[in-house]
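Participant: Sequence plus the predicted model coming up.
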Amino acid sequence: MTFQERLRELRKEHGETQAEVAASIGIADRHYQKFEAGSNLPSFHNLCALADHFGVSMDYLAGRTERREVAE
């Protein structure tokens, strides 16, 4: 699964709009929309914020693993 597919899946699982996710991590709606469209990748800071927002590891969000858990 690609990053944008995983991001869209997580957002829908949480019942949020693109605008809500964007606001929660402090970016513009259009900027977030580009993440889901696959036309732009997030910075390291935004990737961390998205992983924290959805409660998953950055590796899961990036599609590197199927394990959602955040290592402690």
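Facilitator: That came through fine.
Participant: alpha carbons only for contacts and neighbour counts from here, please
Facilitator: OK.
Participant: helix or strand right after the helix or strand where residue 30 lies?
Facilitator: Using DSSP states H and E, residue 30 sits in helix 29-37. For helix 29-37, the following helix or strand on the C-terminal side (DSSP H and E) is helix 44-54.
Participant: Just the angle for that next one relative to helix 29-37, thanks.
Facilitator: Here helix 44-54 points in a direction 80 degrees away from that of helix 29-37 (axes from the mean of the first three to the mean of the last three CA atoms, to 10 degrees).
Participant: tell me the mean pLDDT over the helix or strand just after helix 44-54?
Facilitator: Downstream of helix 44-54, the next assigned helix or strand under DSSP H and E is helix 58-61. Averaging pLDDT along helix 58-61 yields 94.
Participant: so what does helix 58-61 touch, helix or strand wise?
Facilitator: For helix 58-61, the elements it packs on are helix 3-13, helix 44-54, judged by 3 or more CA pairs under 8 Å, 6 or more residues apart in numbering; DSSP states H and E.
Participant: who's in contact with it?
Facilitator: 3, 6-7, 47-48, 51, 65-68 (CA atoms under 8 Å, 6 or more residues apart in numbering).
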